[in-house]
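>>> Task: produce atomic coordinates for the following.
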Amino acid sequence: MKSATMSTVDRRTWRKVGARIIPLIGVAYVMSYVDRANLGYLAAPMSRDLHLDSGQVGLAAGLFFIGYIIVEVPSNLALRRFGARKWITRIMLTWGLVTGLTAAVDSAAALYLARLALGFAEAGLAAGILLYLTYWFPRRQRTWALTGFFLMIPISSIVGSPLAAALLAWGQNLFGVAGWRSLFLVEGALTILIGVLIFAFLPDRPSDARWLDDDEKAKLERMLAAEADEQRGHGALTGLRQALTSGRVWALAVAFFAIVFGLYPLAFFLPTMIATITHSVGDVSSVLLSGIPYLVAAVAMLAWARFAGRRTAVVATAVPMAVGAAGLLLATFAGNGPLFIVAVCLSVAGIYTAMPQFWRIPAIGLTGTAAASGIALINSVSNLSGFVGPYFTGAIKNATGSFTFALLAIAVIVVAGLLVLLTAGRRMERLDGKLTP
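The predicted structure is shown next:
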């Protein structure tokens with residue numbers, strides 16, 4: 001039976017909230033993924049200019065995540081204190097500045113320092129947005145809200161691929177610097193611009209939204225407060241120490257680490273992998289081809305969301321995870337470019353589709369300060385894969401001369417994470433069964 005408070009917000013209001021909130025935070029997230037994955041697009045020309053090998057490119061990609069991991073939990077606590085509008089703006093302005101300055105790097109050491117600084121600057125954006133969504137969308141609305149938000153990740157690759165290709169081809173003529181340097185300049189400027197828009201238009205909570213009338217604000221705030229009270233009454237974690245020492249939170253962190261581990265090596269090395277296996281395409285063509293899997297992923301995410309809301313969060317996450325692992329295994333046997341791209345399409349679609357469904361699980365058992373710190377902890381641990389994955393992939397490529405064994409190892413890690421998810425997720429779902437459907 002539905003509670004009275006959970007049935008008072010109509011579809012018109014949800015459409016209004018979705019249209020105002022999701023695109024704004026989504027475009028910020030698009031820039032974060034374009035920005036952190038741009039080394040994959042630039043690996044070949046930048047390596048030639050700076051004399052880098054695959055291991056050094058992987059290390060540069062991974063160093064980003066050191067600062068990201070260290071600052072993630074404090075950043076989310078700061079967002080909760082100062083508000084999403086101010087804190088996300090601060091994040092975007094500092095990271096946009098660092099990105100623009102990265103255009104000036106002239107050695108591997110300078111690139112390492114730039115990537116390390118970028119991680120500290122951008123830390124907390126993803127976890128902060130995930131926390132922010134809980135301030136607007138109750139449990140029953142999060143399936144479509146999270147899907148809409150995470151849809152921005154493949155969109156970032158769809159947008160990023162032609163942007164990178166265009167600047168690699170014409171950046172020298174437009175800006176008078178190497179194409180890969182022009183990409184850093186353009187992305188830095190765009191990030192700063194979006195930060196200004198966030199400050200101007202992002203409300204912290206429903207009560208701050210000028211585009212909601214008083215009745216809509218009151219209904220949303222009552223609904224969210226009622227759900228938080230219900231969660232606390234059925235055993236949800238509420239405090240900082242509870243979240244940071246909870247076995248179920250750490251288990252979910254391990255599971256999400258495995259999901260993300262299947263993402264970052266492909267994000268950073270896919271253009272290089274395509275160029276290696278085809279032997280016939282240049283930098284621009286391989287970058288454009290690398291956008292195809294992300295277009296497939298966007299379609300898969302939307303299609304799966306239509307069914308996922310009627311299934312438990314664990315099942316809705318586990319099925320696409322399994323598909324992603326299968327795609328990675330198929331990629332290890334691909335002997336030609338078309339088959340490899342098909343396999344990667346399967347893998348990327350599965351992994352990206354699993355991500356929004358996964359975040360339905362922590363929200364079941366975390367509220368208040370525990371939600372801020374627990375979400376940040378899970379995302380922070382997952383970002384270890386962003387450090388380990390690219391370096392691990394680059395090192396195996398250097399040792400074996402191909403990406404085959406790296407893809408196989410990534411598939412094994414995703415499968416191990418799937419097993420952890422099935423165990424830890426059921427514990428959260430026992431709590432879920434006590435809450436009002």
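>>> Only C-alpha atoms from now on, for both contacts and neighbour counts.
Will do.
>>> list the helices and strands the longest helix anywhere in the chain packs on?
In terms of residue count, the longest helix belonging to the chain (DSSP state H) is helix 11-50. Where contact means 3 or more C-alpha pairs under 8 Å, 6 or more residues apart in numbering; DSSP states H and E, helix 11-50 is packed against helix 54-82, helix 125-134, helix 142-150, helix 152-175, helix 179-201, helix 264-278, helix 283-289.
>>> then the helix or strand following the last one to CSV, C-alphas only?
Read it as helix 283-289. Note on helix 283-289: by DSSP states H and E, the next helix or strand toward the C-terminus is helix 292-308. Written as CSV, here are the backbone C-alpha positions of helix 292-308 (Å, rounded to 0.1, in the frame of the first residue of the first chain):
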residue,chain,number,x,y,z
ILE,A,292,30.5,3.9,-31.7
PRO,A,293,30.3,1.7,-28.5
TYR,A,294,29.1,4.7,-26.5
LEU,A,295,26.3,5.3,-28.9
VAL,A,296,25.2,1.7,-28.5
ALA,A,297,25.5,2.0,-24.7
ALA,A,298,23.2,5.1,-24.6
VAL,A,299,20.5,3.1,-26.5
ALA,A,300,21.0,0.1,-24.1
MET,A,301,20.7,2.2,-21.0
LEU,A,302,17.4,3.7,-22.1
ALA,A,303,16.0,0.3,-23.2
TRP,A,304,17.0,-1.4,-20.0
ALA,A,305,15.6,1.4,-17.8
ARG,A,306,12.1,0.5,-19.1
PHE,A,307,12.4,-2.9,-17.5
ALA,A,308,14.8,-2.3,-14.6
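>>> Now do the following helix or strand past helix 292-308: everything it contacts.
Downstream of helix 292-308, the first helix or strand assigned by DSSP H and E is helix 313-332. With C-alpha atoms under 8 Å, 6 or more residues apart in numbering as the test, helix 313-332 has contacts from 259, 262, 308, 339-340, 343-351, 353-355, 357-358, 360-361, 404-405, 407-408, 410-412, 414-415, 418, 421-422, 425-426, 429.
>>> and the angle from helix 313-332 to helix 142-150?
40 degrees (axes from the mean of the first three to the mean of the last three C-alpha atoms, to 10 degrees).
>>> In helix 313-332, which residues are buried?
Using 16 or more other C-alpha atoms under 10 Å as the test for burial, helix 313-332 gives 313-318, 320-332.
>>> avg pLDDT for the helix or strand where residue 227 lies?
Assigned by DSSP H and E, residue 227 falls within helix 214-233. For helix 214-233, the per-residue pLDDT values average out at 82.
>>> What's the first helix or strand after that helix?
Next helix or strand after helix 214-233 toward the C-terminus (DSSP H and E): helix 240-245.
>>> What are the buried residues along that next one?
The neighbour-count check on helix 240-245 (16+ other C-alpha under 10 Å) flags 240, 242, 243, 244 as buried.
>>> Next, the contact list for the spatially closest residue to the last one that is not a sequence neighbour, please.
Counting by C-alpha to C-alpha, 6 or more residues apart in numbering, the nearest residue to residue 244 once its immediate chain neighbours are dropped is residue 374, at 6.4 Å. Residues near residue 374 by C-alpha under 8 Å, 6+ apart: 240, 243, 244, 249, 362, 366.
>>> Sounds good, over and out.
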